[in-house]
Structure formats: C-alpha cells, structure tokens
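[1] sequence and predicted structure below; questions after.
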Amino acid sequence: MATTEKSILNRIYIVGAVLLVIALGIVVKIINIQFVDGDKYRAKAEQRIFKNDTIPANRGNLYDANGQLLATSISKYDIRFDAIAPSEADFNEYIGALSESLKA
C-alpha cells in the first residue's frame, strides 16, 4: 500500500486543523474565564486570602490510675514577621523590645 504525497499532505492538514481547533478552544476558554467569570473567581481568590483560624483549647494533662502523668498538652507557636507593615520609625523604636521578647 503505497502512500502518495497527496495523502500525506491531507493528513498534515487534518492534524493542523485539529490543533487549530484545540488552540481556539483554549483561547475561548481563557477569554471566558477572564471576562465572563472574572468577578466570580476574583471573589473566590479574595476569600482564600483572608483566613480565620480557630485556636483549639488546651486540653490539659492525662493521668493514669496511679496519678502519674501520661500525656500533656504543649503549646506550639509560629512567629511570623512582616517587615513591610511597620513604618521605619516604629520599627526603630520597638526593635529593642522585640529583640528582648524573642531571645528566649
């Protein structure tokens, strides 16, 4: 079964047309997301930026029947610092107190 140049060109045109349809579909979907559904996705992004965390209560110690400590709750804290939020004057004024508080 010999393949002619015309048959090969037809296959190339078909593959090219399929790729063009896929590319157009992607462009249409991007435009749809950006302009038609844009407000909905911006609202979802806004909800994800601000998150309220609930801090669980300290559950206390667990003792066995003899009164020996089996387990205890230990507090774990994450310390974060946003260097952009304070002004230069506030930062310089309170850097000493901050350093003293964090050195433990």
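    Cool, got the structure. Note that the structure is predicted; figures quoted are calculated from it, not measured. Residues are numbered from 1 along each chain as shown.
[2] C-alpha from now on. contacts and neighbour counts both.
    Will do.
[3] show me the helices in the protein, by range?
    Applying DSSP state H to the chain gives helices spanning 5-31, 38-49, 88-102.
[4] Ser73 is nearest to which of those helices?
    Distance to Ser73, taken as Cα to Cα, is lowest for helix 88-102 among these, at 22.2 Å.
[5] just to revisit the earlier point, export the helices of the chain to TSV and tack on mean neighbour count?
    Converted to TSV, the helices of the chain look like this (neighbours: other Cα atoms under 10 Å):
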stretch	mean neighbour count
helix 5-31	12
helix 38-49	11
helix 88-102	10
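[6] how about TSV for those helices, with distance to Tyr63 and mean pLDDT added?
    Putting those into TSV (distance: least, Cα to Cα, whole Å; pLDDT from 0 to 100) gives the following:
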stretch	distance to Tyr63	mean pLDDT
helix 5-31	60	94
helix 38-49	41	83
helix 88-102	33	84
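[7] okay if I get these as JSON lines plus distance to Asp78?
    Formatted as JSON lines, the helices of the chain follow (distance: least, Cα to Cα, whole Å):
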{"stretch": "helix 5-31", "distance to Asp78": "39"}
{"stretch": "helix 38-49", "distance to Asp78": "19"}
{"stretch": "helix 88-102", "distance to Asp78": "12"}
